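> Give me a 3D structure for the following:
(one chain, ligands or ions: 1)
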Amino acid sequence: MALDSSTREALVAEVRAFVTEQLIPAEREVADSDLIPPSIVEQMRQLGLFGLSVPEAYGGLGLSMEDEVYIMFELGRASPAFRSLIGTNVGIGSQGIVMDGTDAQKARFLPPIASGEVIASFALTEPEAGSDAASLRTTAHREGAFYVLNGAKRFITNAPHAGLFTVMARTDPDKPGAAGISAFIVEKGTPGLSVGRPERKMGQQGAHIADVVFDNCRVPAENLIGGIEGQGFKTAMKVLDRGRLGISAACVGLASRILEESVAYALERRQFGHSISDYQLIQAMIADSRTEIYAARCMVLETARARDADADIGTEASACKLFASEMVGRVADRNVQIHGGAGYIADYPAERHYRDVRLYRIYEGTSEIQRLKIARDTLREGRTG
Ligand code: COS
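Here you go, the predicted structure:
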């Protein structure tokens, strides 16, 4: 259910204050220690951030997509590590259950996701199945009241913290592509489930990814999402359509913050006897960033509203993800350039932003996959008139 405008404004203001007063000041410590302080995690829980997208009936805030992207514009301003911690509960980790779960699955698994007591991860990618998600090899074969899972998942966001995983696995080995895939809820502590060491990464310190291995992992049959085999790939794609919109909003948020830092530095820095903001080559970079941020923001809001009106926004979500993630990369690059030598030094956030934003062009579907999907959908529309 959508919030009325004054409730939304109050929530957005609350998140903005939290970001400005708590998250941004903690960024350096989080980047250096690779850890989000437990006190901040607790405040995120208190604010309801883990349950933004979970229906109210299951303890969440039940926000509309439009409400959610307004929140993500704010939360996205802080280091992406913070968004990452709540991101899987709000997006890809929970939404398979929200969209396609049975009533019993929703009642059991969603409340602790909404409160943040449990972190939910999304396990699709494998060592040999990244962009080509439908080629995944993890198997799940039925044995009485259980499915036995075998295989390995790679680079799974929040896996080291996860209390449950939405796992895509092949239930029908005779169907090689998407049709043979089913989605399961696998809880931490299930025998045969293990999580690898967190990977060392280029950026986003404080956010953690790891491999997840299933070795004869026995999952109760009632954890098959929706209770129907063969629907798992479609569930994953629907979840990603929505997730891509959330990522796009986060890109807009961070790009807005980075532009503010570009402007502050340009106004403060003097060369050749003038503020560098007086120089048109600097002004052009500021103008390009402002324009692109505005374009991405409009795209994200328009697509979120269309989704709330039950339109199929798969193509548009890919267009948002493609444009917004590439856009924040350009904004972060210009910011380094405006900062000059200081932009390359770790004392300024410009250097960290530059590394942090790089992932946005890769996860939840690379820019190349977004382009392929947009082109395929557009050509299909052309063929069918
Ligand atoms: N909603 C509902 N159903 C969908 C769907 C969507 N958004 N997208 C695809 N499907 C359905 C299709 O309709 C098709 O069903 P039918 O066979 O019944 O017609 C089935 O799923 C297979 O779809 P498709 O043929 O498009 O699958 P492809 O193997 O060609 O894969 C891409 C398509 C490349 C777009 C997909 O694999 C993809 O998104 N890859 C990137 C994965 C990714 O984002 N990984 C990041 C990991 S999570 S951080």
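> what's near enough to touch the residue lying farthest from the centre of the chain?
Among the C-alpha atoms of the chain, the one farthest from their average position, using C-alpha atoms, centre = their mean, is that of G273, at 44.4 Å. With C-beta atoms under 8 Å, 6 or more residues apart in numbering as the criterion, no residue contacts G273. Placement of C-beta: from N, CA and C, glycine included.
> Look up which helix or strand V148 falls in, please.
strand 146-157 (DSSP states H and E).
> Next SSE downstream of that strand?
Reading on from strand 146-157 to the C-terminus, the next helix or strand found by DSSP H and E is strand 162-170.
> my guess is F214 meets V195, correct?
No. Taking C-beta atoms under 8 Å as the definition, F214 is not a contact partner of V195, at 10.8 Å.
> Which of those two has more residues huddled nearby?
Comparing F214 with V195 by neighbour count (other C-beta atoms under 10 Å), the higher total belongs to F214, at 26 against 19.
> So which bits of the stretch 101-250 of the chain are right by the ligand?
With C-beta under 6 Å from any ligand atom as the criterion, the stretch 101-250 of the chain comes near the ligand at residues 122, 124-125, 131, 133-134, 178, 233-234, 237-238, 240-241.
> Now, those that are in helices?
With DSSP state H as the criterion, helices contain F233, K234, M237, K238, L240, D241 from among those.
> Check the residues you listed and tell me the two furthest apart.
The two members of those with the most space between them (C-beta to C-beta) are F233 and D241, at 12.8 Å.
> Find the nearest non-adjacent residue to V12, please.
Counting by C-beta to C-beta, 6 or more residues apart in numbering, V12 lies nearest to Y70, which is 5.3 Å off, once chain neighbours are set aside.
> That neighbour and S33: what is the separation?
When C-beta to C-beta, to the nearest Å is applied, the distance between Y70 and S33 equals 30 Å.
> Kindly report the same for F272.
Plainly put, F272 is 41 Å away from S33 if you go by C-beta to C-beta.
> the more surrounded of these two?
Between F272 and S33, counting by other C-beta under 10 Å, S33 is the more crowded of the two (12 against 7).
> ok, that one - contacts?
Residues in contact with S33, defined by C-beta under 8 Å, 6+ apart, are Q205, G206.
> begin at 55 from here
Renumbered: residue one is now 55, and that last one reads S87.
> How much space separates it from E81?
11 Å.
> ditto for F268
Between F268 and E81 the computed distance is 35 Å (C-beta to C-beta).
> do the same with H328
Noted for H328: a distance of 31 Å to E81, by C-beta to C-beta.
> Looking at these two, which is more packed in?
Here H328 and E81 are set side by side on neighbour count (other C-beta under 10 Å), and the busier one is E81, at 19 against 10.
> How about that one, nearest residue that isn't a chain neighbour?
Among residues not flanking E81 along the chain, S133 sits closest, at 4.5 Å (C-beta to C-beta, 6+ apart).
> Please work out how many residues are found near the one you found.
When counting by other C-beta under 10 Å, one arrives at 28 neighbours for S133.
> so who does the one residue in the stretch 305-439 of the chain that gets nearest to the ligand touch?
Using C-beta to the nearest ligand atom, the single residue of the stretch 305-439 of the chain nearest to the ligand is G419, 3.2 Å away. Contacts for G419 (C-beta under 8 Å, 6+ apart) come out as S185, L294, R298, S372, K375, K427.
> The same query, at a cut-off of 7 Å, please.
With contact taken as C-beta atoms under 7 Å, 6 or more residues apart in numbering, G419 is in contact with L294, R298, K375.
> next one: V354
Neighbouring residues of V354 by C-beta under 7 Å, 6+ apart: V123, L299, S302, A303, V306, C374, A378.
> quick one, helices of the protein?
With helices called from DSSP H, the chain shows them at 59-72, 78-87, 92-100, 119-129, 134-144, 149-154, 157-169, 286-322, 334-362, 368-393, 403-410, 421-438.
> quick one, the second one and helix 92-100 angle?
Right, helix 78-87. Between helix 78-87 and helix 92-100, the angle comes out at 130 degrees (axes from the mean of the first three to the mean of the last three C-alpha atoms, to 10 degrees).
> taking the mean pLDDT, what do you get for helix 78-87?
Helix 78-87 carries an average pLDDT of 97.
> cool, and the shortest one?
Summarised as a single mean, pLDDT over helix 149-154 is 97.
> Ok, the last one next?
For helix 421-438, mean pLDDT rounds to 97.
> and if you look at the first one?
In this model, helix 59-72 carries a mean pLDDT of 96.
> Show me what that helix packs onto, helices and strands only.
helix 119-129 (3 or more C-beta pairs under 7 Å, 6 or more residues apart in numbering; DSSP states H and E).
> Distance from the chain centre to the helix it packs on, please.
Put simply, helix 119-129 sits 12 Å off its chain's centre (C-alpha atoms, centre = their mean, to the nearest Å).
> May I have the predicted confidence score for R296?
At R296 the predicted local distance difference test score is 95.
> ok, now A371?
pLDDT, A371: 98.
> what's the spacing between it and E180?
As defined by C-beta to C-beta, A371 lies at a distance of 23 Å from E180.
> wait, what's in contact with the closest residue to L89 other than its chain neighbours?
Here the nearest residue to L89 in space, its sequence neighbours aside, is G260; by C-beta to C-beta, 6+ apart that works out to 6.2 Å. G260 sits next to V84, A85, D88, L89, I90, S133, A135 when contact means C-beta under 7 Å, 6+ apart.
> which ones are touching the first one?
Contacts for V84 were tallied using C-beta under 7 Å, 6+ apart; they are I90, S133, A135, Q259, G260.
> Over to the residue nearest to it when sequence neighbours are not counted: give its phi and psi.
Residue nearest to V84 in three dimensions, not counting chain neighbours: G260, with 4.0 Å by C-beta to C-beta, 6+ apart. Recorded main-chain torsions at G260 are phi 100, psi -20, according to degrees, to the nearest 10.
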